[in-house]
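Peer 1: sequence first, predicted coordinates after that:
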Amino acid sequence: MITSEFQNYLLANLQKLPRDRVIDFAKNICERLLPYYKNFNDKYGWGDFELLKEVISTVQNRILKPTQIKELIHKVDAVTPDTEDFGDYDGSYALNASVAVLELLEYLTDYKLEHILNISTCITDTIDFELTEQDLTLTNEELINHPVLINELTRQLEVTKR
């Protein structure tokens, strides 16, 4: 649940950063989403936590060729849960973690910042789902102004300031 105003600020910050800092920003979010995928993987015995972990590490440690990126996208896509098959919160969390990694790989193919904005949305949606799971009575306004979500948005803007 990201407002367009927040996305505009984040995009403005990202546009000023060198690619390596943009990648570091995206990798950080992917790493923070990994435990959600691990919980899902443990609960259902489905997916490949080690693959996602390895992909994030690979992005950090070396330059990938386009053919390698395409292969990794295919592998990660194969272990991305479908919410029709896993319709609970754990499935949604794991989907967000997988999609974030896919978006990071897609960014490496075309360097379009929309992929990074999508990664940002993956973690804010996860926070939104978590808060809703904890308290089903929260209104949309309460979610948008919840301290946990505000902390994440603030963190993202701070990390991306030049």
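Peer 2: Cool, the structure landed. Numbers count the residues shown, from 1 in each chain.
Peer 1: longest helix in this protein, please.
Peer 2: The single longest helix within the chain, with elements called by DSSP state H, is helix 19-44.
Peer 1: other SSEs contacting the helix or strand just after it?
Peer 2: Remark: after helix 19-44, the chain's next helix or strand is helix 49-61, criterion DSSP states H and E. In terms of contacts (3 or more C-beta pairs under 8 Å, 6 or more residues apart in numbering; DSSP states H and E), helix 49-61 is packed against helix 19-44, helix 66-78, helix 89-110. C-beta coordinates here come from the backbone N, C-alpha and C atoms, glycine included.
Peer 1: just to revisit the earlier point, can you give me the angle the longest helix of the chain makes with helix 89-110?
Peer 2: On the basis of axes from the mean of the first three to the mean of the last three C-alpha atoms, to 10 degrees, helix 19-44 is oriented at 150 degrees to helix 89-110.
Peer 1: what helices and strands are in contact with helix 19-44?
Peer 2: Using 3+ C-beta pairs under 8 Å, 6+ apart, helix 19-44 sits against helix 49-61, helix 89-110, helix 114-134, helix 147-160.
Peer 1: Thr126 reaches Leu33, doesn't it?
Peer 2: Yes - applying C-beta atoms under 8 Å, one finds Thr126 in contact with Leu33, separated by 6.4 Å.
Peer 1: list residues touching both of these two?
Peer 2: Taking C-beta atoms under 8 Å, 6 or more residues apart in numbering as the criterion, Thr126 and Leu33 both touch Tyr93, Asn96, Ala97.
Peer 1: alright, I will stop here.
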